[in-house]
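J.: Need coordinates for the below:
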Amino acid sequence: MVVMSVRILVLVASCAVLWSLESVVPLYRYRKDRLRRALPNVALTVLVLLMNLALSFATATVATSAKATWLKVVIGIVALDFFAYLAHVTLHKLPLGWRFHRVHHCEEEVDVTTAFRQHPGETVWRVLWQLPAIVIFGVPLWAVVVYLTISSLNAQLEHANVRVPERLDRMLRLLFVTPNMHKVHHSRQQTETDTNYANIFSVWDRLFGTYTRRVDFETLRYGLGDVDDHAARSFRGLMAMPFRAK
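T.: You can find the predicted model right below:
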């Protein structure tokens, strides 16, 4: 419980910092109702945290409490990231998965609050993909917590509406998923949406041919053309979205 509390405090602090940076060095100038637009995302964030807390017993059950070498920990973290990549790809490729993942992608103004704009059904799916990696590679519980914390922090950064120098971003994305790299994944064009699935390490997209280096912020537009704007702006609409006919 203490670890969870510390993790939440770290995430809230990083979100506050990035929210402030979005006002100082924004990538896009958004509408004035910024706070009101973020409220459904905040509500979904609370649900994500509660769902993760409820499902943490499963992670704690399969994770080993024995001592592990640093090499084993590193391998375990890399494995968790690979399985996160697979979970993300299947959310796009499987019709049922996409019904839930559309909640995340229908955001027309991507910012730091979009990081946890996730339907509870998607949260369950992602946790189910974590468990095999933990079991197969014997990842210790503390390493799982470290990975999930880094993953959450990077999710906030890569969604944040901040301008990042292209040269710096291009250098970092040789190994890591960066803000500019991930923004392409939120494009309205499906050929761009179906790229850059990686979570922390960009190597997975390069290995499996799902990487695109193209980043044109002059033409990039977020969201989904087949989602009703009103539904995408309310908490009730987002919760019901996977269960409505297209």
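
J.: And the helices in the protein?
T.: In the chain, the helices defined using DSSP state H lie at 2-24, 34-62, 70-93, 95-105, 120-137, 141-159, 166-172, 179-183, 190-193, 203-207, 229-232, 235-240.

J.: so which of these gets nearest L220?
T.: With Cβ to Cβ, the closest approach to L220 among the helices of the chain belongs to helix 179-183: 6.6 Å. In this view, the C-beta of every residue, glycine as well, is placed from N, C-alpha and C.

J.: Export only the CA atoms of that closest one, formatted as PDB.
T.: Output in PDB follows, covering the C-alpha atoms of helix 179-183 (Å, rounded to 0.1, in the frame of the first residue of the first chain):
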ATOM      1  CA  PRO A 179       6.900  12.400 -27.600                       C
ATOM      2  CA  ASN A 180       7.400  13.100 -31.300                       C
ATOM      3  CA  MET A 181       7.500   9.400 -32.100                       C
ATOM      4  CA  HIS A 182       4.300   8.600 -30.200                       C
ATOM      5  CA  LYS A 183       2.300  11.600 -31.500                       C
END
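
J.: by contact count, what packs against it?
T.: helix 141-159, helix 166-172 (3 or more Cβ pairs under 8 Å, 6 or more residues apart in numbering; DSSP states H and E).

J.: where does this protein have low pLDDT?
T.: 1-5, 31, 64-68, 228-231, 245-246 (pLDDT under 70).

J.: one more time with 50
T.: Residue ranges of the chain with pLDDT under 50: none are present.

J.: Save the helices and strands packed on helix 179-183 as CSV, and put in mean neighbour count and distance to T210 too.
T.: Compiled in CSV, the helices and strands packed on helix 179-183 are given as follows (neighbours: other Cβ atoms under 10 Å; distance: least, Cβ to Cβ, whole Å):
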stretch, mean neighbour count, distance to T210
helix 141-159, 19, 16
helix 166-172, 13, 18
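
J.: between those, which one is nearest to L224?
T.: Of those, nearest to L224 by Cβ to Cβ is helix 141-159, at 16.1 Å.

J.: so how far is the closest one from its chain's centroid?
T.: How far helix 141-159 lies from its chain's middle: 10 Å, per Cα atoms, centre = their mean, to the nearest Å.

J.: which outside residues touch that helix?
T.: Identification of contacts with helix 141-159 by Cβ atoms under 8 Å, 6 or more residues apart in numbering yields 3, 7, 10-11, 14-15, 18, 52, 59-60, 63-65, 68, 73, 76-77, 80-81, 84, 110-116, 130, 134, 139, 176-179, 181-183, 199-200.

J.: Include distance to P40 when you put the helices and strands packed on helix 179-183 into a markdown table, please.
T.: Formatted as a markdown table, these follow (distance: least, Cβ to Cβ, whole Å):
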| stretch | distance to P40 |
| --- | --- |
| helix 141-159 | 15 |
| helix 166-172 | 29 |
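
J.: Of the helices of the chain, which stretch is the most buried?
T.: helix 179-183 (a mean of 23; mean count of other Cβ atoms under 10 Å).

J.: contact partners of it?
T.: The contact list for helix 179-183 (Cβ under 8 Å, 6+ apart) reads 27, 110, 157-160, 162, 164, 166, 169-170, 173, 196, 202, 215, 217, 220.
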